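# What shape does this take:
(chains A and B)
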Amino acid sequence: MRVEMLRTFLTAGLCVSAGAFLAAAVTTDDISARAKKLHFSSIVVDTHDDTTQRFLDGNFDIGARSTTGSIDVPRMREGNLGAIFFSIWIPSKITGPEAVHRALVQMDAVRGQVRKHPNDLVLATTAAEIRVARKQGKIAALMGVEGGHMINSDLDVLRKFASLGVRYMTLTHSGNDEWADSSTDKVVHNGLSDFGKEVVREMNRLGVMVDISHVSDKTFYDVLELSKAPLIASHSSCRAICDAPRNMTDQMMKDLAAKGGVIQINYHVGFLSQEFRDAEKAHPEINKAIGDEVTKRCGDNEACQLIEGDRITREYVAQGKLPRIDWTKIIEHIDHAVKVAGADHVGLGSDFDGANMPYGMEDSTKLPQITEALLRKGYSEGDVKKILGENTLRVMAEVKRVSRELNSLPRK
Amino acid sequence: MRRLLALLCVGCCLCAGFFFSLRASADDVAGRAKKLHFSSIVLDTHDDTTQRFFSKDFDIGKRNPDGHVDIPRMREGGMNAIFFSIWIDGRIMGPPAVQKALDQIDAVHENVRKYSKDLVFCRTAEEVRRAHAQGKIAALIGVEGGHMIGNDIRVLRTFGDLGARYMTLSHFYNDEWADSSTDKPVHNGLTDFGKDIVREMNRQGIMVDISHVSDKTFYDALEVSKAPLIASHSSCRAICNHPRDMSDDMIKALAAKGGVIQINYEKSFLDQAYKDASEKLSGGVVAMFDLLKKTCGDDQECYGRKMAEQEKQATAEGKLPHVSWERIVDHIDHVVKLAGADHVGLGSDFDGASMPEGMEDCSKLPKITEALMRKGYSDDDIRKILGGNVLRVMEQTEKVSRELQAQ
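Below is the predicted model of the structure:
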């Protein structure tokens, strides 16, 4: 009993002193000792971070605290982000072998950062490896490919991405690819084409999670019917709260959950807040101006575009031209998804370094606030742990089990 | 009575022993060679079988009526470690080359998965030894031509991550950063970027293969590399004066830095008379490739098949001289005399070249062991030539990689 109490006290003490460094930069709600204890003893998994783009610019080092963006090792440690899926992403318009080449380069960049920081990061491909990393005090680095266009319709390439450690693939990005419809493009394939179905089957066999963020509703249902393993939405929020095609309807969430899947809530203000979305729609000139300014500042540099896009958007918010969205919107989405689909089917897919973050969730140091808010809402500690990461770990383990099962079947 | 029986028995044994020793004096070497061969790690550093994986007619698990390599014939020839060559025509460059190379790497991985009872994918000398101890064939990957990295050092690393354990710096044509022995020099050997590539290969533990490269590229790579080099499939210029082969000076320089030349069985690289006749007939191996490109297009598997057909026909018509497999032994012996038994090995070019008579496929490999034994080579030296030397270079390359990564 005493030992237990002492440990709690020590942990709290450490967190308080870590918090003292933060105090100047962060104005957070007071995080209770209970929330801190729970948060820092949990495996926090974030399934979508665009930090990879920053690696391509030779100046960024994930090991050092950065004054821009949302993710680096010191800030991950501070917010106890224990496992991160680095997104391999290139725009949908880049296709063919060029897309394959550029995806490989990003995988090399992720692996390079891991090699460079062996005491902080370790490449993981399974839930078990994430747990081992946690025990060793390291952050698990994983990879997800955001958009099927990067395999250039070639299953050999998909398999090599898997060999290099990729553990999910989002079937499309903002545009359709050769075999699946996106939620933000015209319907061409009526969901998933026959080849797209082959892709999903091979992902099941390989143990690569099927990610249905970004895809059209029809693609989602095609995949749900076909996939032998549960699906994830690596970074999507709830359409009932914010009516964006990138978000999921209540029915979709229920169906996803019925097959064991998880929706990982995206923190992008345009997906969290109807008010923000309406304001964007009402003032297309603002979006255009932001786009122009981004191009002016960044040219073709995609990492710069993502970071500056967020920064410039905030300038408009500061001027009162766009509404100011608070981080608690994230909690609303989590809570909605829990009410609709259950606490076993919701997780975190921030979109850090790739989207416009709400106020109070500027970077990964703010993650303990989520734990605090959920506890205040009366969530059980078990449910909070699930939402923070255990749900994703469960899906990963299940996807691996299905893969083993499929691999043990006789070959055709 | 019992004594009599015992005497008879001894007598019988003596008689049997006498007959046996008579036979043994004739076949002693054959028996010993067989025993030595089938207990050794026989490692071939260059096989173009990979391209056949893309043909519906080919199944590496079954005995095939054509080609040179499949599991049954590897078992028969005691070939228990093989570098599958990742190769596409050197004129395909940029991202398409990268993707095609990935496809071939995957084809090797998938065939290993398909025949996991026989094959095991290996990345290190230790893994090759373990595979041998388990009675499995070690499958390794070498990338034949720097053009496949798309002029991007990051792709090189990715190939290394996927298991590639050597890269030939060029193929028949120059790439963006290295001159080939069969193209016009444009880089004066290795460019600065080419030198960076060699350094990165050292760091990643990928062996630097100087087969195919120009003499200047060879000397540049030799100077830059911190690990010993291999020539994965080259023979001796002193016997057959082909630019693809190595001069005595080159072989000595390679050996002085711990490297190995892996003898190529291609007839135009083994035999001067054949090379001369072949050049008269078709303009030589590069000109032949040009022609094949027209016939085969992007079908890489077609190259080997067509080449074999044309060569067979020309030999039958008497336009090309017969070359015996013993030429391979001549080349091995030449290197041993020149640089010692620590610096030569086997790099057949099976499924990618015209094989001499008597070396029609990998089932014939025990002949090499027997021939070397008859020449008076020690068992140890023969084991080195069969595979030990390459394993030593692999270990050395791994050590250099560890050292560089620790820095």
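# Now do residue B:89 against residue B:74, distance only.
Note on residue B:89: its distance to residue B:74, by C-beta to C-beta, to the nearest Å, is 27 Å. For every residue, glycine as well, the C-beta is placed using N, CA and C.
# out of these two, which sits in the more crowded spot?
Of the pair residue B:89 and residue B:74, residue B:74 is the one with more neighbours under other C-beta atoms under 10 Å in any protein chain shown, namely 27 against 21.
# immediately after the helix or strand hosting that one, which helix or strand?
Per DSSP states H and E: residue B:74 is located in helix B:71-77. For helix B:71-77, the succeeding helix or strand toward the C-terminus, using DSSP H and E, is strand B:81-86.
# Measure how far that following strand is from the centre of its chain, please.
8 Å (C-alpha atoms, centre = their mean, to the nearest Å).
# Direction included, what does that strand pair against?
Counting by DSSP bridges, the strands paired with strand B:81-86 are strand B:43-47 (parallel), strand B:137-144 (parallel).
# any idea how far chain B is from residue A:143?
The gap separating residue A:143 from chain B is 12 Å, by C-beta to the nearest C-beta, to the nearest Å.
# What separation is there between the residue positioned nearest the centre of chain A and residue B:360?
The residue lying closest to the centre of chain A (C-alpha atoms, centre = their mean) is residue A:48, at 1.9 Å. With distances taken as C-beta to C-beta, residue A:48 is found 56 Å from residue B:360.
# Residue A:147 now?
Distance check for residue A:147 against residue B:360: by C-beta to C-beta, it reads 49 Å.
# Same question for residue A:231.
53 Å.
# which of the two has more neighbours?
Neighbour totals were compared for residue A:231 and residue B:360, and residue A:231 leads with 26 against 13 (other C-beta under 10 Å).
# from memory that one sits against residue A:213, does it?
No: under the contact definition of C-beta atoms under 8 Å, residue A:231 does not touch residue A:213, with a separation of 9.8 Å.
# Test my guess that residue B:285 contacts residue B:264.
No: using C-beta under 8 Å, residue B:285 is not in contact with residue B:264; the gap is 11.1 Å.
# shared neighbours, those two?
residue B:244 (C-beta atoms under 8 Å, 6 or more residues apart in numbering or on different chains).
# Of the two, which one has the most company?
Between residue B:285 and residue B:264, counted using other C-beta under 10 Å, the more crowded position is residue B:264 (29 against 21).
# excluding its backbone neighbours, what's nearest the more buried one?
The shortest distance from residue B:264 to any non-neighbouring residue, by C-beta to C-beta, 6 or more residues apart in numbering or on different chains, is to residue B:233 (4.1 Å).
# Could I get the pLDDT score of that neighbour?
pLDDT recorded at residue B:233 is 98.
# and it, what helix or strand is that in?
Assigned by DSSP H and E, residue B:233 falls within no helix or strand.
# who are the neighbours in contact with it?
Contacts for residue B:233 (C-beta under 8 Å, 6+ apart) come out as B:45, B:46, B:211, B:262, B:264, B:266, B:347, B:348, B:349.
# Give me the subset of those lying in strands.
B:45, B:46, B:262 (DSSP state E).
# quick one: the second one from residue B:352, how far?
Right, the one you point to is residue B:46. Distance from residue B:46 to residue B:352, by C-beta to C-beta: 7 Å.
# Kindly report the same for the last one.
For residue B:262, the distance to residue B:352 (C-beta to C-beta) stands at 13 Å.
# any shared contact partners between these two?
Residues touching both residue B:262 and residue B:352 (C-beta under 8 Å, 6+ apart): residue B:46.
# Comparing these two, which shows the higher neighbour count?
residue B:262 (28 against 24).
# Test my guess that the more buried one contacts residue B:236.
No: Residue B:262 is beyond contact range of residue B:236, at 11.8 Å (criterion: C-beta under 8 Å).
# near chain B, which residues of the stretch 101-250 of chain A?
For the stretch 101-250 of chain A, the residues in contact with chain B (C-beta under 8 Å from any C-beta of the partner chain) are A:101, A:104-105, A:107-109, A:111-112, A:152, A:154, A:156-157, A:159-160, A:163-164.
# Of those residues - the most surrounded one?
Within these, residue A:104 tops the neighbour count with 30 neighbours, counted by other C-beta under 10 Å.
# okay, now the domains of chain A?
A:41-268+A:326-408, A:274-324 (automatic domain parsing).
# Please identify the deepest-packed of the ones you listed.
Stretch with highest mean neighbour count among those: domain A:41-268+A:326-408 (a mean of 21; mean count of other C-beta atoms under 10 Å in any protein chain shown).
# Point me to the residue of the stretch 151-300 of chain B nearest chain A.
residue B:154 (4.2 Å; C-beta to the nearest C-beta).
# I'd say that residue and residue A:109 touch.
Yes: using C-beta under 8 Å, residue B:154 is in contact with residue A:109, at 7.4 Å.
# wait, residue B:128 sits on residue B:43?
Yes: Residue B:128 is within contact range of residue B:43, at 6.9 Å (criterion: C-beta under 8 Å).
# mind listing the strands in the stretch 301-412 of chain A by residue range?
For the stretch 301-412 of chain A, the strands defined by DSSP state E, counting those that start in this stretch cover A:346-348.
# Poorly predicted segments of it, please.
Scanning the stretch 301-412 of chain A for pLDDT under 70 picks out the ranges A:411-412.
# Please name the spatially closest residue to residue A:131 (chain neighbours excluded).
residue A:43 (7.0 Å).
# swap that for residue A:287, sorry
Per C-beta to C-beta, 6+ apart, closest to residue A:287 is residue A:280, 5.8 Å.
# Residues contacting the helix or strand harbouring that neighbour, please?
Residue A:280 is part of helix A:274-282 when elements are defined by DSSP H and E. The contact list for helix A:274-282 (C-beta under 8 Å, 6+ apart) reads A:241, A:242, A:243, A:244, A:269, A:270, A:286, A:287, A:322, A:323, A:325.
# Can you lay out the ones in strands among the contacts of residue B:233 as CSV showing pLDDT?
As requested, those are exported to CSV (pLDDT from 0 to 100):
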residue, pLDDT
B:45, 98
B:46, 98
B:262, 98
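# could I get these as TSV with distance to residue B:325?
Output for the ones in strands among the contacts of residue B:233, formatted as TSV (distance: C-beta to C-beta, whole Å):
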residue	distance to residue B:325
B:45	18
B:46	17
B:262	16
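# Just give me the closest of the residues you listed to residue A:348.
Nearest to residue A:348 out of the ones in strands among the contacts of residue B:233 is residue B:45 (C-beta to C-beta; 49.1 Å).
# that older thread, which residues lie in contact with the residue nearest to the centre of chain A in this structure?
Contact analysis of residue A:48 by C-beta under 8 Å, 6+ apart lists A:85, A:87, A:144, A:146, A:213, A:234-235, A:264, A:266, A:349-352, A:354.
# If we ignore the residues flanking it in sequence, what's nearest the residue nearest the centre of chain B?
Central residue of chain B (C-alpha atoms, centre = their mean): residue B:347, 1.9 Å from the mean position. The shortest distance from residue B:347 to any non-neighbouring residue, by C-beta to C-beta, 6+ apart, is to residue B:262 (2.9 Å).
# so what's that neighbour up against?
Contacts of residue B:262 (C-beta under 8 Å, 6+ apart): B:44-46, B:211, B:230-234, B:344-347, B:390.
# Repeat the analysis, applying 7 Å as the threshold.
Neighbouring residues of residue B:262 by C-beta atoms under 7 Å, 6 or more residues apart in numbering or on different chains: B:45, B:46, B:230, B:231, B:232, B:233, B:345, B:346, B:347, B:390.
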